[in-house]
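[1] Sequence below, structure please.
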Amino acid sequence: MKGQVHAAQRHDSALKHVTGQALYIDDIAEPPGTLHAALVLSPIASGRLKKLDLSMAGSSPGVVAVFAAGDIPGRNNIASPGKQEPLFAEDKVEHAGQPLAMVVAHSLDAARAAAEHAKLDIEPTEAILDIQTALRKQAYVQAPSTILRGNPDAALQTAPHKLTAEFSVGGQEHFYLEGQVAFALPGEDSDLLVHSSTQHPTEVQHVCAQVLGCDYNRVTTVVRRLGGGFGGKESNASWVAAAAALGAAKTGRPVKLRLPREIDMVATGKRHGFDYRYTVGFDDEGHVLALDAVLAADAGWSLDMTPGVVARALTHVDNAYWIPHVRATGYSCRTNKQSNTAFRGFGGPQGVLVMEDAIDRIARHLGRDANEIRALNFYGTAGDETPYGQKVDENHLARCWAEVKQAGEWDRRRAEVDAFNKANPVLKRGLGLFPLKFGISFNIPHMNQAGALVHVYTDGSIRLNHGGTEMGQGLFIKVAQVVAEVFKIGLDRIRPSATSTAEVPNTSPTAASTGSDLNGWAAWEAANTIKQRMIAFAAEHFGVAAADIEFADGNVRIAQHLRGGPGSNQVLSFGEMAKLCYLGRVSLSSTGFYKTPKVHWDGVAMRGRPFFYFSFGAAMAEVAIDTLTGESRVLRADLVQDCGASLNPAIDLGQIEGAFVQGQGWLTCEELWWDKQGRLRTVGPSTYKIPGSRDVPAVFNVKMLDNAPSREATIFRSKAVGEPPLLLATAVWTALKDAIGAATGNKAAVRLDAPATPERVLAAIESARTAAR
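    Next up is the predicted model:
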């Protein structure tokens, strides 16, 4: 039997996914008496709620109950302790789409129809609808934070060259295939079982208990699988579950709340949009000497996950580059929009854009090749400590960079693209390269922990539970591979079970690309504890040393030595050994716990070691633009991603490909648009354009970095893969700017705001032409 880790194993639910047999929350059989809920939302962005009349809604056909803020038995708060974010608005409306009330009825159609009959009297107040207005009004959800190294003011003053620029990037809708949904079932003694499509079962448990005014032990959250999350179900799922829990607790009947796509989009947060302004100083060779950058994030109306997003953006401003003098200041701007939240990359994608834009401008100013300037400033070429004080160890930047340039045939294709552009006045092509350094761990140190529970049954089968959630990313199969490797048995003997707060308590969210790192180690600890018990028992039972017990190929071998020479080996199947241990009264169940070592962070000083390790990568992209329409296409992408010693290359390959295309969508076609009244108008696939199959690069080459096991003690020397590849799509943005430069004679710097829709591409062309003139 081959080793179970570092092997390409298919997703444990792959066949069920493609045959429709995988059960999601809306597929769970509904007990008799199940009720269905619908929300009443605010139609305006900012105002005073003078009156909420639910009498007509409550008397509508099929309606059982209506609930508003005054009906909440506990606290009308869905935020963590010390923060305030109401489940239902009380007297103040903060954004269009904010929940005001909920209708519970015998059918979904009846609930949604009744919700339309709610009468609202809201006195409009002035709304803040963009970052620049929030900056002028100093409207923030938290105080500004700054990472500082050296003396950037003095360094900028004495730098031989200095450039100042501005640009902006929009947010992004998660657009998970399964919308937000929760199914709450009341039990005896006020217990509550909540099926939630969440990345954070423990937060769902806590928020439901907070709203109901009960102890956490009254609420059990269960998650078998999510139909996608991408960060959008880390905090948003909690209030959806709390609303369903309120309905179940008050009516004593099961209540399901699922949000249709339009409601989901207008009521839940997105990726944070950012506005940037920076000044960069550099010498004649292109060495970056100093950077003074302002990153202003659109937080939406409440705090939510913004502190962590802004912190990670600031800790990724440097990206792959050593900068001697740095000041990066983050503003968390309060606007009357949905409260923006976690999204794959969690601020990192927004952070790295600053230096990529700066280097393109430096190269144009000096008349140099931008990629030579990039390599000149890599960590390792100059310094090796980040602006926040963490050493850049195990640096694979140069290797990833060289491999992607070679695989992508940069020199040949650069010449081809230049020749194409000279011959074609309308269509222009562009090439872009991007290096990546991405930190892995939660920004908040205490979140870097996980638990697991492993049961070995007397037939040798194993039940595995841990705090991570399966949302299609392959976490369950990876952790099962870890346990199979510990016991040296086949994957078919291991059954991953639904994540449950009743089995593993006090879990961290499955986020920050840490799912396998944390839960894999916790499961290893649990499995190894049982294995050591089995070894100790077998050694005593057979009268041999512990070293004479070997687990291999689904069996347990006991090497028995005779006096004067070797003896014979006794072989038991793993199941036989489990039965023997049971008869010997050995516990075959264990918890496991893991906490990430070495991480620490001072959020006030903005210094420390926030990341256990860095993941590296590089990407090359080729694009084409139509200078008459602004349309663009990604023609080819070559990626090299550092996955350490991959636990499962098949799963990781899928993660890399999917993340890149999702990042491509963020930077090219996924545009969120609010009208002047602050109402989101891109509320479905007809108006909000995620990448389709034809947007995937026609030539798409992906390679995982060979022979690069993590030097840190990660689980089987693997590295995270969920988020880093999304940032590789920055190469597409760089390539688009290259194509726009070709369209304008490469005479002026290019400002390209993202997403680079056709309108923005045309605007960038016109702006560059004007600057050139």
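
[2] Given the strand or helix carrying R636, what are its sheet partners and their directions?
    Secondary structure here is read from DSSP states H and E; on that basis R636 sits in strand 632-641. On the basis of DSSP bridges, the sheet neighbours of strand 632-641 come out as strand 613-626 (antiparallel), strand 699-704 (parallel).

[3] Would you mind finding the most buried of those?
    Taking mean count of other C-beta atoms under 10 Å as the contact definition, the stretch among the strands paired with strand 632-641 with the greatest mean neighbour count is strand 613-626, which reaches a mean of 26. Yep, even glycine has a C-beta here, placed from its N, CA and C like the rest.

[4] Extract the C-alpha set from it and format it as PDB.
    Included here for strand 613-626 are C-alpha records, laid out as PDB according to Å, rounded to 0.1, in the frame of the first residue of the first chain:
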ATOM      1  CA  TYR A 613       5.500  30.800   7.000                       C
ATOM      2  CA  PHE A 614       5.300  32.400   3.600                       C
ATOM      3  CA  SER A 615       3.900  30.900   0.400                       C
ATOM      4  CA  PHE A 616       5.600  31.900  -2.800                       C
ATOM      5  CA  GLY A 617       4.600  31.900  -6.500                       C
ATOM      6  CA  ALA A 618       4.900  33.600  -9.800                       C
ATOM      7  CA  ALA A 619       2.600  34.100 -12.800                       C
ATOM      8  CA  MET A 620       2.800  35.100 -16.400                       C
ATOM      9  CA  ALA A 621      -0.200  36.200 -18.400                       C
ATOM     10  CA  GLU A 622      -0.900  37.300 -21.900                       C
ATOM     11  CA  VAL A 623      -4.000  39.400 -22.800                       C
ATOM     12  CA  ALA A 624      -5.500  41.000 -25.800                       C
ATOM     13  CA  ILE A 625      -7.600  44.200 -25.900                       C
ATOM     14  CA  ASP A 626      -9.800  45.800 -28.500                       C
END
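
[5] could you point out which element follows the lowest-mean-pLDDT helix or strand in the chain?
    Taking mean pLDDT, DSSP states H and E as the measure, strand 565-573 is the helix or strand of the chain with the lowest mean score, a mean of 80. Scanning forward in sequence from strand 565-573, with DSSP H and E defining helices and strands, the next element found is helix 574-583.

[6] Note down every partner strand of the helix or strand following that following helix and its orientation.
    Where DSSP H and E defines the elements, the next helix or strand beyond helix 574-583 is strand 589-595. Paired strands of strand 589-595, with direction, are strand 449-456 (antiparallel) (DSSP bridges).

[7] List the buried residues for stretch 371-386?
    Of the residues in stretch 371-386, N371, I373, R374, A375, L376, N377, F378, Y379, T381, T386 count as buried by neighbour count, 16 or more other C-beta atoms under 10 Å.

[8] Tabulate those in TSV, adding columns for distance to L257 and pLDDT.
    Shown next, in TSV, are the buried residues of stretch 371-386 (distance: C-beta to C-beta, whole Å; pLDDT from 0 to 100):
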residue	distance to L257	pLDDT
N371	51	97
I373	52	98
R374	49	98
A375	52	97
L376	55	97
N377	51	97
F378	50	97
Y379	48	97
T381	54	74
T386	43	98
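
[9] Nearest to G231 among those?
    Of all the buried residues of stretch 371-386, T386 has the smallest distance to G231: 23.6 Å, by C-beta to C-beta.

[10] Need the nearest residue in space to that closest one, chain neighbours excluded.
    D318 (5.9 Å; C-beta to C-beta, 6 or more residues apart in numbering).

[11] Please identify the helix or strand for that neighbour.
    For D318, there is no helix or strand it lies in under DSSP H and E.

[12] hang on, it packs against A358?
    No. Judged on C-beta atoms under 8 Å, D318 makes no contact with A358 at a distance of 11.0 Å.

[13] hmm, back to that, can you put the buried residues of stretch 371-386 in CSV and add secondary structure and distance to V255?
    Rendered in CSV, the data for these read as follows (DSSP: H, G, I helix; E, B strand; the rest coil; distance: C-beta to C-beta, whole Å):
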residue, secondary structure, distance to V255
N371, helix, 57
I373, helix, 58
R374, helix, 54
A375, helix, 58
L376, helix, 60
N377, coil, 56
F378, strand, 55
Y379, coil, 53
T381, coil, 59
T386, coil, 48
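
[14] any idea of the pLDDT on I72?
    Looking at I72, its pLDDT is 98.

[15] Check which residues of the host helix or strand of R361 are buried.
    R361 is part of helix 348-366 when elements are defined by DSSP H and E. Using 16+ other C-beta under 10 Å as the burial criterion, the residues of helix 348-366 that qualify are 348-364, 366.

[16] ok so, going back, next secondary structure after the strand holding R636?
    Of the helices and strands lying after strand 632-641 in sequence (DSSP H and E), the nearest is helix 649-668.

[17] tell me the mean pLDDT for that following helix?
    In this model, helix 649-668 carries a mean pLDDT of 98.
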